[in-house]
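*Asks:* next input, structure requested:
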Amino acid sequence: MALVQKTDWEPLIARRHELIPGGAHTYSKGDDQFSVNAPAAIVKGSGCFVIGSDGKEYIDWCMGIRSVLLGNCYPAVQDAVRMQMDEGTNFGRPHYMEFVLAYLLTSKLPNAQMVKFAKNGSTVTTGATKLARAFTGRKYIAACNHPFFSYDDWFIGSTVCAAGVPDEIKQLTLTFRYNDIESLKKLFMEHPGEIACVIMEAITTEEPKNNFLLQVQELTQKNGALFIVDEMVTGFRFGIGGAQARYNLTPDLSTYGKGIANGYSLAVLAGRRDVMELGGLTHTKPRVFLISTTHGAETIALAAAYAAIQAFAEQRVAETIWKNGERLAQGIRDLIVRHSLGQYIDVVGFPPNLSMSYKDQEGAVNLALKTVFLQEMVKEGLLFQGYFAISFSHGEAEIERTLAAVDRALSVYRRALEDVVHRDQYLLGPAVKPVFREYN
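*Replies:* Sure, this is the predicted structure:
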């Protein structure tokens, strides 16, 4: 029996924007990020499928915004969670699982001599930048132009969604461009001896060129700043070693979150002992009040992470999703060629983390065309937001079904692309919007 009956929750869906700012607790889950025919809410999930509030089953390509790496309700993780639930969730002193998981992570993760647990990625990226400022005595942060690092002021103040952030804070975050080492050199020249850290994802959708990542690392070290690699997406999805192992990087600090506990709430800050210890009790330097949260190490998430990491190693999870991602990407590219749409739509990124781009005749990103594609995928029974968060549970049958849906969606996309005058007639509702925008 469900915890809350449908007759109780169904009427509240229509009132969601009265109850919650944005109608969801994560902006990327909001109504403005999906086509209007997508389910307004999810009822439950299993493997790579979910049941929407509309009663329909969908192949899940969102997978908890990439956080569910093994699959919804993955048995080994659920078993570990149930066992831990019967032993308690939160206590007045550390639970032994805190030490067990910390040991496992420092044994498995590269460049992780100490770890600190939290509940979300924003907390640990902010913790990393705070440590860097304390360790170096500097105030500026150099952040790569990636989509997101944190909802905290140091990052969100550098975006168009900066309302509520003082100008003094906005000015302390500097940005540089991926694959443009000169843009980072310029920041160090303009702020000599003032940049505390460089924070970036090692990879998002494009391959690093001309030894870019190692150049960033060398330049950062040369200028006395700390190098922080955000492995929120790449950690575990690219293998237990993450992107830093793939590209032979040695960051001072790293952050993890999506995928580490198969959708349970856990994020990790990891790094050099001499830096991390500033948040500890046994040094003589000014103490950093690092991360101290009531639920940061609640035992359910720790048990889930422990079981998930064991599954990653035993089941060759990264190898499987990489192989299936390659199959999916190549299938989509073949279909794009078949529909003669190579100039207007593309699949980008890397096999474990694929997304799509949508352009019009002028080569500009077109959100109306994107929405046309999204709504056609939903019609075919796919929960799709524009990216493919492939999980260990997605198999050949789901890939084949997805490719068939892409084939049909591309046919409609072409018609909407060519019918510029009447393009809006192809939309079932409003076009999706960027998450980062100044006004609604």
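*Asks:* now for the most centrally placed residue in the chain: which residues touch it?
*Replies:* Centrality entry for the chain: nearest residue to the mean C-alpha point is residue 233, 4.7 Å, by C-alpha atoms, centre = their mean. Residue 233 is in contact with 66, 201, 204, 258, 259, 353, counting by C-beta atoms under 8 Å, 6 or more residues apart in numbering. In short, each C-beta sits where N, CA and C put it, glycine included.
*Asks:* report the two of those separated the most.
*Replies:* 204 and 259 (15.4 Å; C-beta to C-beta).
*Asks:* looking at those two, which has the bigger crowd around it?
*Replies:* residue 259 (29 against 19; other C-beta atoms under 10 Å).
*Asks:* where does the more buried one sit: helix, strand or coil?
*Replies:* Secondary structure for residue 259, judged by DSSP: H, G, I helix; E, B strand; the rest coil, is coil.
*Asks:* so, low pLDDT: which residues of the stretch 1-150 of the chain?
*Replies:* Applying pLDDT under 70 to the stretch 1-150 of the chain flags residues 1.
*Asks:* pLDDT-wise, what's the bottom of the contacts of residue 233?
*Replies:* Note: of the contacts of residue 233, the lowest pLDDT belongs to residue 259, at 89.
*Asks:* against residue 248, how distant is that one?
*Replies:* 22 Å (C-beta to C-beta, to the nearest Å).
*Asks:* before we move on, what about residue 53?
*Replies:* From residue 53 to residue 248 the distance is 46 Å (C-beta to C-beta).
*Asks:* same check, this time on residue 58
*Replies:* From residue 58 to residue 248 the distance is 39 Å (C-beta to C-beta).
*Asks:* compare the two (neighbour count), which wins?
*Replies:* residue 58 (23 against 10).
*Asks:* and the more buried one, what does it touch?
*Replies:* Here residue 58 is in contact with 39, 49, 50, 51, 52, 378, 381, 382, 383 (C-beta under 8 Å, 6+ apart).
*Asks:* let's see it at 7 Å
*Replies:* Residues in contact with residue 58 (C-beta atoms under 7 Å, 6 or more residues apart in numbering) are 49, 50, 52, 381, 382, 383.
*Asks:* which phi and psi does the closest residue to it other than its chain neighbours have?
*Replies:* In space, residue 58 comes closest to residue 383 once its chain neighbours are excluded; the distance is 4.1 Å by C-beta to C-beta, 6 or more residues apart in numbering. Torsion angles at residue 383 (phi, psi; degrees, to the nearest 10) stand at phi -80, psi 110.
*Asks:* would you list the contacts of residue 58 in a markdown table and tack on neighbour count, distance to residue 98 and secondary structure?
*Replies:* As requested, the contacts of residue 58 are exported to a markdown table (neighbours: other C-beta atoms under 10 Å; distance: C-beta to C-beta, whole Å; DSSP: H, G, I helix; E, B strand; the rest coil):
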| residue | neighbour count | distance to residue 98 | secondary structure |
| --- | --- | --- | --- |
| 49 | 18 | 34 | strand |
| 50 | 22 | 32 | strand |
| 52 | 17 | 37 | strand |
| 381 | 15 | 42 | coil |
| 382 | 22 | 39 | strand |
| 383 | 23 | 35 | strand |
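*Asks:* may I see those organised as JSON lines, with distance to residue 77 added?
*Replies:* Output for the contacts of residue 58, formatted as JSON lines (distance: C-beta to C-beta, whole Å):
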{"residue": "49", "distance to residue 77": "17"}
{"residue": "50", "distance to residue 77": "17"}
{"residue": "52", "distance to residue 77": "23"}
{"residue": "381", "distance to residue 77": "26"}
{"residue": "382", "distance to residue 77": "24"}
{"residue": "383", "distance to residue 77": "21"}
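*Asks:* from those residues, which is closest to residue 412?
*Replies:* Nearest member of these to residue 412, counting by C-beta to C-beta, is residue 382, at 14.1 Å.
*Asks:* mind listing what the closest one touches?
*Replies:* So residue 382 contacts 58, 59, 61, 402, 405 (C-beta under 7 Å, 6+ apart).
*Asks:* equivalent analysis for residue 81, please.
*Replies:* Here residue 81 is in contact with 300, 303, 304 (criterion: C-beta under 7 Å, 6+ apart).
*Asks:* ok, of those residues, which one's closest to residue 71?
*Replies:* Nearest member of these to residue 71, counting by C-beta to C-beta, is residue 304, at 12.9 Å.
*Asks:* tell me the secondary structure at the closest one.
*Replies:* Under three-state DSSP, residue 304 comes out as helix.
*Asks:* doesn't residue 259 make contact with it?
*Replies:* No - Residue 304 lies out of contact with residue 259 (C-beta atoms under 7 Å); the separation is 11.3 Å.
*Asks:* ok, now which ones touch residue 388?
*Replies:* Taking C-beta under 7 Å, 6+ apart as the test, what residue 388 contacts is 61, 328, 354.
*Asks:* can we see that at 10 Å?
*Replies:* By C-beta atoms under 10 Å, 6 or more residues apart in numbering, residue 388 lies in contact with 61-63, 66, 324-325, 328-329, 332, 347, 349, 351-356, 382, 394, 399, 402.
*Asks:* for residue 283, give me the pLDDT.
*Replies:* 86.
*Asks:* residue 214 now?
*Replies:* 98.
*Asks:* could you find the closest non-adjacent residue to residue 342?
*Replies:* With C-beta to C-beta, 6+ apart as the criterion, residue 342 has its nearest non-adjacent residue at 5.7 Å, and that residue is residue 336.
*Asks:* report how many residues lie close to that neighbour.
*Replies:* Neighbours of residue 336 under the rule other C-beta under 10 Å: 20.
*Asks:* that'll do, ta.
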